[in-house]
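*Asks:* have a look; sequence and predicted model below, questions after that.
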Amino acid sequence: MDPQIYNAILLVAAALLVVSFLITLWRIVTGPNSLDRLIGMDGFTAMFQCALATYMCWSLNTTVVSAMLVIALLGFISTVSVTRFRKRDNQ
């Protein structure tokens, strides 16, 4: 594949990730209740993993795979623990 086309595709992917980060950040800040904020944080961790994968494709360096695994596990554990002990917002 032509390196210019490859870099252009990665640039488009990075730009879409930045836009999605901003939209998710807006949802986290202005969410009407804590469940919306929790879903936003879960999406934020998933998008961070996608950003690391895009970085891996750009730099051709696979040393961030372990960081991606840790982020995935921490995101899962935090989501499960928060939903387990979550109380309703109006109480």
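*Replies:* Great, that's in hand. Residues are numbered from 1 along each chain as shown.

*Asks:* what's the pLDDT at the most centrally placed residue in the chain?
*Replies:* Central residue check for the chain by CA atoms, centre = their mean: the C-alpha nearest the mean position is that of M47, 2.2 Å away. Per-residue confidence (pLDDT) for M47: 93.

*Asks:* which positions in the strand or helix carrying it come out as buried?
*Replies:* If you go by DSSP states H and E, M47 is part of helix 34-59. For helix 34-59, burial by neighbour count (16 or more other CB atoms under 10 Å) applies to 37-38, 40-45, 47-51, 54. (Each C-beta comes from the backbone N, C-alpha and C, glycine too.)

*Asks:* contact partners for the residue nearest to the centre of the chain?
*Replies:* 17, 20-21, 24 (CB atoms under 8 Å, 6 or more residues apart in numbering).

*Asks:* so which of the residues you listed sit within helices?
*Replies:* Taking DSSP state H as the definition of helices, these contribute 17, 20-21, 24.

*Asks:* pull the most distant pair out of those.
*Replies:* Maximum pairwise distance among the ones in helices among the contacts of M47 (CB to CB): 10.3 Å, between L17 and T24.

*Asks:* quick check: which ranges of the chain have low pLDDT?
*Replies:* 89-91 (pLDDT under 70).

*Asks:* ok, I71 touching L52?
*Replies:* Yes. Between I71 and L52 there is a contact under CB atoms under 8 Å: 7.5 Å.

*Asks:* ok, back up a step: now the helix holding M47, how far from the centre of its chain.
*Replies:* For helix 34-59, the separation from the chain centroid amounts to 1 Å (computed by CA atoms, centre = their mean, to the nearest Å).
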